[in-house]
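Asks: Sequence first, then the predicted structure:
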Amino acid sequence: MNDNDLNLPQRKVIVPEVLNSTKKETKKFQFTEKQVDVLVSSGARAVEDMGQIIKDLIAIARIREESAKKVSEIEAEIRKTVLTIRADIDRLAQVGQNIRTRGQIAADILTQTFNALKEVPDHDDGSRHRMIDSISTIMDLVLREE
């Protein structure tokens, strides 16, 4: 296959010339119009790409800022919840301690009452009945929540 078979127009190729300056011996190359067009379009694409990259970087920075803000809000909620739970646990522990203390007091009262009942002579049944009847009143006072 030769070039004529493709039926394409022939491109004129210009070989860059070296320009000689009278003041200095600098060598400059001249670009073809096609090369200049390629350079300009490449530069334009680079600027467009840089614009998109800058937009993406700004979007990433905004997302990071929003994420950091949301993380801070979540951490604040977690700290608040932890403090609330700790306060509830302390309150429940105190209530449990109060129940144990009241229970221990009630058990001590019952033990002492039964020991006292053993001390009451057998012939004084009235005193025994009054002492047994007073146990429920005493227990109500001890176990009553304030």
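Replies: Looks like it arrived, so ask away.
Asks: and the worst-scoring helix or strand of the chain on mean pLDDT, which residues are buried?
Replies: Lowest by mean pLDDT, DSSP states H and E among the helices and strands of the chain is helix 125-143, with a mean of 80. Neighbour counts over helix 125-143 (16 or more other Cβ atoms under 10 Å) mark 131, 139, 142 as buried. Where you see a C-beta, it was placed from the backbone N, CA and C, and this is true even at glycine.
Asks: Might one say that the last one is in contact with residue 99?
Replies: Read that as residue 142. No - Residue 142 is beyond contact range of residue 99, at 11.2 Å (criterion: Cβ atoms under 8 Å).
Asks: pLDDT score for residue 61?
Replies: For residue 61, the model assigns a pLDDT of 93.
Asks: and the longest helix anywhere in the chain with helix 125-143, angle?
Replies: In the chain, with assignment by DSSP state H, the single longest helix is helix 33-119. Per axes from the mean of the first three to the mean of the last three Cα atoms, to 10 degrees, the angle that helix 33-119 makes with helix 125-143 is 170 degrees.
Asks: So which elements touch helix 33-119?
Replies: If you count contacts as 3 or more Cβ pairs under 8 Å, 6 or more residues apart in numbering; DSSP states H and E, helix 33-119 packs onto helix 125-143.
Asks: out of the buried residues of helix 125-143, which one sits closest to residue 61?
Replies: residue 142 (66.5 Å; Cβ to Cβ).
Asks: roughly how far apart are that closest one and residue 104?
Replies: 10 Å (Cβ to Cβ, to the nearest Å).
Asks: mind checking pLDDT for the spatially most central residue of the chain?
Replies: Nearest to the centroid of the C-alpha atoms of the chain, with distances taken as Cα atoms, centre = their mean, sits residue 71, at 4.2 Å. Predicted confidence (pLDDT) for residue 71: 94.
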